[in-house]
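[1] Got a predicted structure here, sequence first:
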Amino acid sequence: MESETCPKIKKVIFYTNIPRVFRTTQIGHFYEITHAYPTILLSEKLDSETENIIADKKLFPRLEKIIPVHQFTGEKKGLFAKNRYLYNLAKDAILKCNPDIVISPSDIHSLFEMYLLRFAKKIGALRIIIQPSNIGDSKNGEKFVDLTNAYLRFPSFLPLKLRLFLTRCRKYLGHFLYYWILPLLVLERPFSGKASYILRKGNIGMGDSDYLIVFSEKDRQLFLKEGVRPEKIYILAHPLARESRKVFKNFFINISGGKKAKNFILVLLSSWVEIGFRRDNCHLISREERYKKWKETIGLITGFFPDWEIIIKHHPKDKDIERSRLEFEPISKNIKIINPKEQLDEYIDGAKIIIGLPLSASTSLYIASLKCPRKPILSLDFHREILGDYYKNFEGIEHIDSELRLSNILELIKKNKYQKKLIKKNKAKKFKDTVELLNYLYKIKHDNAFYGT
């Protein structure tokens, strides 16, 4: 007995999550979806350039409506008022739009997404999570966050073991408030799954979702290790690493050009500038030690390329960059520190070399490796610190743990002798685009309902 013909997908809800994630990754999926299905966009406040592009009906022909969310952007509300606002917004979006599919980057990280997926489940909608960026080992992430909070949130005269104990207590209180108290306050049952971003337990795909779409087999294995069930995971390459790469040319990313004609090196600074911790013994890497090594490294780079411009970009969350100006600009007249809020797209395209200074765990390096696979992209780990080896053995990015190795590579680049191992194409990919995969997953859902499984 064969199943009935799978019903047509009538409407899709798509949530942007953090604007930076939407701009660099999710918009590629969104572009494909709006060419196939009527789509409602639940949107954070986007930059004006992205807003103008989304308004172009030729690029997004079946985008029906944009509903502002303001979970991460817009007017700030108190925790309890914001909780009720997000609950009501999620409920209204599902009940009024009545979607067949709901797509989001996460099912565990934010209240809005958790409420949205819960209401979507109640009406029988297909709930899909699409991996928003590259991921790392959550155990190392947990260790780094716990040590950072122990040093920054408690007096230094307390023993470290006591500070770590208080950090864990604080963490469990936060989890209880976020996943239990807040939903109970809007008369919803708690979010009591095995995953918690506050406790750094589990990962996306372990909440109220049906499927998790990941970039690669490597990512699939990482998610399996985190506890996601294997039958939930499907692979679809990042939009920049497959045929849909061409659609970004219609947006804001200048794939073939660049911001400047002059040779320049793009240097990325992590948002975690305060402190770090060594991998072997968890000893503190102070802010002063961090800046000292940054200065030495920038001086080394300018020594190899004295006539090139060095463009330094802080993480968008960094507000105070005056110290960087005082520390780095005297090194060379060619050093320029740009606004942390400025978009990286064209700088990535135009740079001859891209370097992530310690702590180098920025997702921008990953995006750069997809956009510019032939370009030297270097991730520095001179302190051998926790999370410092984030890009070790990562295709398309060179992990460097000593000044000597950096010098050797810069010398090769200067002499045009540097040869980069190109990212291998995965010939086993089954789905050519987001639409094909969504149709496949929707048919599975329909067939399971038809057979009562």
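    That came through, no problem.
[2] Counting neighbours, what do you get for the nearest residue to Leu160 once chain neighbours are set aside?
    Nearest non-adjacent residue to Leu160, counting by C-beta to C-beta, 6 or more residues apart in numbering: Ala150, 6.5 Å away. Quick note: C-beta positions are derived from backbone N, CA and C, even for glycine. Here the number of neighbours of Ala150 (other C-beta atoms under 10 Å) works out to 20.
[3] do the same with the one 10 residues further on
    Residues contacting Leu160 under the criterion other C-beta under 10 Å number 14.
[4] so where is the stretch 151-300 of the chain shaky, pLDDT-wise?
    Scanning the stretch 151-300 of the chain for pLDDT under 70 picks out the ranges 244, 246-247, 249-261, 271-273.
[5] ok, which stretches of it are helices?
    For the stretch 151-300 of the chain, helices defined by DSSP state H, counting those that start in this stretch occupy the ranges 160-176, 182-185, 217-226, 287-304.
[6] quick one, which of the ones you listed is nearest to Leu111?
    Shortest distance between Leu111 and the helices of the stretch 151-300 of the chain, using C-beta to C-beta, is found for helix 182-185: 6.5 Å.
[7] Mind giving me the packing neighbours of that closest one?
    Counting contacts by 3 or more C-beta pairs under 8 Å, 6 or more residues apart in numbering; DSSP states H and E, helix 182-185 packs against helix 79-97, helix 111-122.
[8] Report the buried residues of the first one.
    Translated: helix 79-97. Of all the residues in helix 79-97, those buried under the rule 16 or more other C-beta atoms under 10 Å are Lys82, Asn83, Tyr85, Leu86, Tyr87, Leu89, Ala90, Lys91, Ala93, Ile94, Cys97.
[9] ditto for stretch 29-43
    Using 16+ other C-beta under 10 Å as the test for burial, stretch 29-43 gives 29-43.
[10] from the chain's centre, how far out does that stretch sit?
    20 Å (C-alpha atoms, centre = their mean, to the nearest Å).
[11] can you check stretch 147-164 too?
    So, by C-alpha atoms, centre = their mean, the centroid of stretch 147-164 is 28 Å from its chain's centroid.
[12] just stretch 37-54 next, same as before
    The answer for stretch 37-54 is 18 Å, by C-alpha atoms, centre = their mean.
[13] Next one: the residue nearest to the spatial centre of the chain from Gln26, what distance?
    With distances taken as C-alpha atoms, centre = their mean, the residue of the chain nearest its centroid is Ser133 (3.6 Å). As judged by C-beta to C-beta, to the nearest Å, Ser133 and Gln26 stand 10 Å apart.
[14] And Leu404, by the same measure?
    40 Å.
[15] which of these two has more neighbours?
    Gln26 (25 against 9).
[16] could the helices of the stretch 151-300 of the chain be laid out in CSV, adding distance to Leu365?
    Formatted as CSV, the helices of the stretch 151-300 of the chain follow (distance: least, C-beta to C-beta, whole Å):
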stretch, distance to Leu365
helix 160-176, 28
helix 182-185, 35
helix 217-226, 16
helix 287-304, 16
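[17] between those, which one is nearest to Lys57?
    helix 217-226 (33.7 Å).
[18] So what's the gap between that closest one and the chain middle?
    Distance, centroid of helix 217-226 to centroid of chain: 16 Å (C-alpha atoms, centre = their mean).
[19] What number of residues are in the vicinity of Ile235?
    Applying other C-beta under 10 Å, I find that Ile235 has 19 neighbouring residues.
[20] now it: how far from Gly227?
    Separation of Ile235 from Gly227 (C-beta to C-beta) stands at 18 Å.
[21] OK, contacts around Ile123?
    When contacts are counted by C-beta atoms under 8 Å, 6 or more residues apart in numbering, Ile123 touches Ile94, Leu95, Asn98.
[22] who's in contact with the last one?
    The one in question is Asn98. Counting by C-beta under 8 Å, 6+ apart, the residues that Asn98 touches are Lys11, Ile123.
[23] when you give positions from now on, start the count at 667
    All set: I'll call the first residue 667, so the last point we hit is now Asn764.
[24] moving C-terminal of the one helix or strand Glu717 maps to, what's the next helix or strand?
    Taking DSSP states H and E as the definition, Glu717 sits inside helix 714-720. Using DSSP H and E, the next helix or strand after helix 714-720 towards the C-terminus is strand 729-734.
[25] That following strand packs against which elements?
    strand 705-709.
[26] Pass me the low-pLDDT residue ranges in the stretch 667-816 of the chain, would you?
    Ranges of the stretch 667-816 of the chain meeting pLDDT under 70: 667-672.
[27] And Phe994, how far from Arg689?
    27 Å.
[28] In three-state terms, label the nearest residue to Tyr1057 once chain neighbours are set aside for me.
    Closest residue in space to Tyr1057, ignoring its immediate chain neighbours: Ser1045 at 4.0 Å, by C-beta to C-beta, 6+ apart. Secondary structure, DSSP: H, G, I helix; E, B strand; the rest coil: Ser1045 is strand.
[29] can you pull out the strands in the stretch 867-1016 of the chain?
    Along the stretch 867-1016 of the chain, the segments classed as strands by DSSP state E, counting those that start in this stretch run 877-880, 899-901, 930-934, 942-943, 950-951, 975-979, 1001-1004.
[30] got CSV for these, with distance to Leu792 too?
    Output for the strands of the stretch 867-1016 of the chain, formatted as CSV (distance: least, C-beta to C-beta, whole Å):
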stretch, distance to Leu792
strand 877-880, 8
strand 899-901, 13
strand 930-934, 37
strand 942-943, 42
strand 950-951, 46
strand 975-979, 39
strand 1001-1004, 42
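[31] closest to Ile1079 out of these?
    Of the strands of the stretch 867-1016 of the chain, nearest to Ile1079 by C-beta to C-beta is strand 930-934, at 9.6 Å.
[32] Tell me which strands that closest one pairs with, and in which orientation.
    strand 975-979 (parallel), strand 1019-1022 (parallel) (DSSP bridges).
[33] export the ones you listed to CSV and tack on distance to Asn1105?
    Shown next, in CSV, are the strands paired with strand 930-934 (distance: least, C-beta to C-beta, whole Å):
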stretch, distance to Asn1105
strand 975-979, 40
strand 1019-1022, 37
